[in-house]
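Trainee: coords below, sequence missing:
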DNA sequence: TACCAGGAGAAAA
DNA sequence: TTTTCTCATGGT
């Protein structure tokens, strides 16, 4: 019996053209918005189902309370941690998740030692942490550890759906594998591509009924 | 007032 | 195995 066709098998040309169009439209993005790799880890957890503006407030509160370090998070009381991250929502859940990932990194010898492990070990380790799903793990790998992992988020799904490159409801790993199979394992490319997808999703042009000036025209989702 | 925003895990069907 | 529910705040 023939195997089922891949759910998501984009051509390199299609993805490269999409990336080029986004880059031409929006330019290079200063992404991920964080000062340190550890801050990326914190942001990746806090941004779960939350607006980034609220995450920024939570991170600022952590910084002002000297809680923006692995040791400080592990030493903090749950209530103190939860109160600091309150603006990002789900603060009780996220406080536990933050402590879980910090405990994992601490067991691994800290961020720097963890960064030296091979990618497969890093990814499986992160995914085994309570509260760290594939998107959060890949955010950490790509933006904190500079590993070539393509991040799939809701914006990526919508974009693929609108360009009819995918249905949009494929499993996370199917979409990630599709991007990584079609594109070279280039950290900068992956970082910029994901950032541009997010920027495009938030841009006003997405919401307009027609977008003749957008470089993505005539395929711009806004024109559909 | 209602809805949405860069998820993930647990429980229920 | 798949679907639904829960967690929670702040902006529009």
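Mentor: That came through fine. Quick caveat: nothing in here was measured; it's all calculated off a predicted structure.
Trainee: how far away is the residue nearest the centre of chain A from residue A:128?
Mentor: Geometric centre of chain A, nearest residue: residue A:139, 3.8 Å, by CA atoms, centre = their mean. Per CB to CB, to the nearest Å, residue A:139 is found 16 Å from residue A:128. No exception for glycine: its C-beta is placed from N, CA and C like everyone else's.
Trainee: show me the contacts for the residue nearest to the centre of chain A.
Mentor: Contacts for residue A:139 (CB atoms under 8 Å, 6 or more residues apart in numbering) come out as A:32, A:40, A:43, A:44, A:47, A:151.
Trainee: Ok, residue A:29 next?
Mentor: Here residue A:29 is in contact with A:192, A:195, A:196, A:199 (criterion: CB under 8 Å, 6+ apart).
Trainee: on contacts alone, who are the packing partners of the one helix or strand the last one maps to?
Mentor: Take DSSP states H and E as the rule and residue A:199 turns out to sit in helix A:187-202. In terms of contact count using 3 or more CB pairs under 8 Å, 6 or more residues apart in numbering; DSSP states H and E, helix A:187-202 is assigned the packing partners helix A:12-26, helix A:154-162.
Trainee: do it and DNA strand C meet?
Mentor: No: counting by CB under 7 Å from any atom of the strand, DNA strand C is not contacted by helix A:187-202; separation bottoms out at 11.8 Å.
Trainee: Need the contact partners of that helix.
Mentor: Contacts of helix A:187-202 (CB under 8 Å, 6+ apart): A:19, A:22-23, A:25-26, A:28-29, A:31-32, A:142-143, A:146-151, A:153, A:155-156, A:158-159, A:179, A:183, A:206, A:216.
Trainee: just checking: which of those also lie near DNA strand B?
Mentor: A:31, A:32, A:151, A:153, A:155.
Trainee: can you count the residues close to the first one?
Mentor: The local packing of residue A:31 (other CB atoms under 10 Å) involves 15 other residues.
Trainee: Burial check on the residue lying closest to it once chain neighbours are set aside, number of neighbours?
Mentor: Setting aside the residues directly before and after it, residue A:31 is nearest to residue A:195 in space (CB to CB, 6 or more residues apart in numbering), at 3.5 Å. By other CB under 10 Å, 20 other residues sit near residue A:195.
Trainee: Mind pulling the model confidence for residue A:195?
Mentor: Note for residue A:195: predicted pLDDT of 95.
Trainee: circling back: with respect to burial, which of the helices and strands packed on helix A:187-202 scores highest?
Mentor: helix A:154-162 (a mean of 18; mean count of other CB atoms under 10 Å).
Trainee: neighbouring contacts of that one?
Mentor: Residues contacting helix A:154-162 (CB under 8 Å, 6+ apart): A:8, A:18, A:166-169, A:175, A:194, A:197-198, A:200-201, A:221, A:224.
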